[in-house]
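> Sequence first, then the predicted structure:
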Amino acid sequence: MAVYLSEQVTLSRGQVSRRRFLQTLAVSGAGVLSFRDMMAVHAEELRKQGRSLILLWMNGGPSQFETFDPKPNHENGGETKAIATSIPGVQIAHDWEQTAKVMQDIALIRSMTNKEGNHQRATYQLHTGYIPSGSVKHPSFGSCVAQQLADANAELPGVISIGRTEGAGFLGVDYEPFVVDNPGQMPQNVRSAKPQDRLERRLGLLERLDSEFARRGAATAVENHRQLYNKAAKLVLSPATKAFDLSTESQATRDQYGNSQFGRGCLLARRLVESGVTFVEVRADGWDTHDDNFSRISNLASQVDPGSAALVADLKARGLLERTVVVWTGEFGRTPQVNARGGRDHFPRAFNCWVAGGGIKGGQVIGSTSDDGNSITDRPVSVADLLQSVSRALHINPAFENISPLGRPLKVVDGGEPIPELFS
């Protein structure tokens, strides 16, 4: 499809001016560029901006009451106390003292709402934007972000997960996450491949075996296999792997993030986006608090609070926050009622999350819930709205369509609208 000259040509959510379009044509040496060519030019411009996304994933569904929407004066509020933050008049739960200090850079959303109350289904939806389907394995949102923003020639993977996560689905091995199990240590899948000469000999043998396998009718499988091993070999032979080595950080910096798996994961996430990685997920397990809710969340917060707060502050101090979006969320919230085991159960109707960076306006609270926490009283925000907003902050096109193996076009984000307050 040809794109002909007009006053405005729309790409993603921005506008390409007539003058800019003419300049592009002049550079190309052609009278008319195809739409695909225009998208390629736009994508290359985005890659040069070096934008990144960090997802801080609270696996299990964090209670909004014990995180960022406390109800200490209500009978269902339990033991949680509220503390002041750097935003005048805004309070959060008492275990989040470090996060309270950086709230001026955070936009807190207290009115997230959804219908999925099953862990697997809600986790899949928050990661992909789609409800699970037996006919297609959707790519994760992070993989779609990397598809539009990551440099294909980079030595580090475009998608890295510190802990397990959703994969690239039908986008294929180019956008599968590289998994780091123990932040602070060089990944086993990097360390074990050296020395270089032994690796190169093994790759040569693998190539000969693959070639024979391909001649016997497995060309597609072999091609995917080759892509995967070529990416792995490129990584393990690269000096860029020093990004995984936290020992080069000062003790003061490591202390700021905290001596925990999650804290080290956040520090590694900062190092990775600083090195050009497009998407990093840091996972904190243990939020499924059906019993002993209050002490368990207090223990979790002692690890997550310093790590996530240090990440925001460190990105800002290094001038990285403007081009890095940070999202803190889980798959749903917890019930206002405390059960007989001192826990809270699944509650997707109203929960909270926060976002920072990428030009998002911090120091504000979006939406509110009723005094008892049972319902949203102002500004409901859907999963699609959240992903649309992140897309806007990253300057990617949420309407970009990938074609599934069944030939169905699927948008990066289906439905929803960006939250205007985040950008006003």
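Noted; the coordinates are in hand.
> The host helix or strand of Arg264 - what's its average pLDDT?
Take DSSP states H and E as the rule and Arg264 turns out to sit in helix 261-274. When pLDDT is averaged over helix 261-274, the result is 98.
> Same question for stretch 375-394.
Confidence over stretch 375-394, taken as the mean pLDDT, stands at 98.
> got the end-to-end distance for that stretch?
Terminal residues of stretch 375-394 are spaced 31 Å apart (Cα to Cα, to the nearest Å).
> quick revisit: ok, residues contacting the helix holding Arg264?
Residues from elsewhere that reach helix 261-274 (Cβ atoms under 8 Å, 6 or more residues apart in numbering): 52, 54, 56, 156, 160, 162-163, 180, 182-184, 243-244, 246, 249, 253-254, 257, 280, 282-284, 303-304, 306-308, 310-311, 314-315, 318, 320, 324. Heads up, the C-betas are built off the backbone N, CA and C, glycines and all.
> swap the cut-off to 7 Å and go again
Contacts made with helix 261-274 from outside it, assessed by Cβ atoms under 7 Å, 6 or more residues apart in numbering, are listed as 52, 54, 160, 162, 180, 183-184, 243-244, 246, 249, 254, 257, 280, 282, 284, 303-304, 306-308, 310-311, 314-315, 320, 324.
> Looking at those, which are in strands?
By the criterion of DSSP state E, membership of those in strands covers 52, 54, 160, 162, 180, 280, 282, 284, 324.
> Let's have these in CSV, adding distance to Gln261 and neighbour count.
Rendered in CSV, the data for those read as follows (distance: Cβ to Cβ, whole Å; neighbours: other Cβ atoms under 10 Å):
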residue, distance to Gln261, neighbour count
Ser52, 21, 28
Ile54, 16, 28
Ile160, 15, 26
Ile162, 8, 28
Val180, 11, 26
Val280, 15, 29
Val282, 9, 30
Ala284, 8, 26
Thr324, 21, 26
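> so can I have TSV of the residues you listed showing pLDDT and distance to Ile297?
Shown next, in TSV, are the ones in strands among the contacts of helix 261-274 (pLDDT from 0 to 100; distance: Cβ to Cβ, whole Å):
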residue	pLDDT	distance to Ile297
Ser52	98	29
Ile54	98	22
Ile160	96	27
Ile162	96	21
Val180	94	25
Val280	98	24
Val282	98	18
Ala284	98	11
Thr324	98	27
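> between those, which is nearest Ile92?
Proximity of the ones in strands among the contacts of helix 261-274 to Ile92, judged by Cβ to Cβ, is greatest for Ala284, which lies at 17.1 Å.
> Please name the nearest non-neighbouring residue to the closest one.
Using Cβ to Cβ, 6 or more residues apart in numbering and skipping the chain neighbours, the partner closest in space to Ala284 is Phe262 (4.8 Å).
> can you check Ser111 too?
Ranked by Cβ to Cβ, 6+ apart and with sequence neighbours excluded, the top spatial neighbour of Ser111 is Gly367, at 2.4 Å.
> Equivalent analysis for Gln303, please.
Spatial nearest neighbour of Gln303, excluding adjacent residues (Cβ to Cβ, 6+ apart): Ser260 at 3.9 Å.
> Give me the neighbour count for that neighbour.
Residues within reach of Ser260, counting by other Cβ atoms under 10 Å, total 17.
> Check this protein for its longest helix and report it.
helix 293-317 (DSSP state H).
> got the contact list for the residue nearest in space to the middle of the chain?
Nearest to the centroid of the C-alpha atoms of the chain, with distances taken as Cα atoms, centre = their mean, sits Leu55, at 3.3 Å. With Cβ under 7 Å, 6+ apart as the criterion, the residues that contact Leu55 are 142, 281, 327.
> Closest one of the residues you listed to Thr128?
Using Cβ to Cβ, Gly142 comes nearest to Thr128 of these, at 9.5 Å.
> which regions of the stretch 1-150 of the chain lie under the pLDDT threshold?
By pLDDT under 70, the weakly predicted segments of the stretch 1-150 of the chain are 1-48.
> could you pull out the helices for it?
Assignment of helices within the stretch 1-150 of the chain using DSSP state H, counting those that start in this stretch yields the ranges 18-28, 35-49, 97-101, 119-128, 141-149.
> Check the stretch 151-300 of the chain too.
Along the stretch 151-300 of the chain, the segments classed as helices by DSSP H, counting those that start in this stretch run 188-191, 196-215, 219-236, 251-257, 261-274, 293-317.
> In the last one, which residues are buried?
For helix 293-317, a neighbour-count test (16 or more other Cβ atoms under 10 Å) marks 293-294, 296-297, 300-301, 303-316 as buried.
> can you pull the pLDDT of Leu205?
According to the prediction, Leu205 has pLDDT 56.
> Residues in contact with stretch 341-351: which ones?
Outside of stretch 341-351, the residues that reach it under the criterion Cβ under 7 Å, 6+ apart are 61, 63-64, 111-117, 122, 289-294, 332-335, 338-339, 369, 373, 375-376.
> No more questions from me, cheers.
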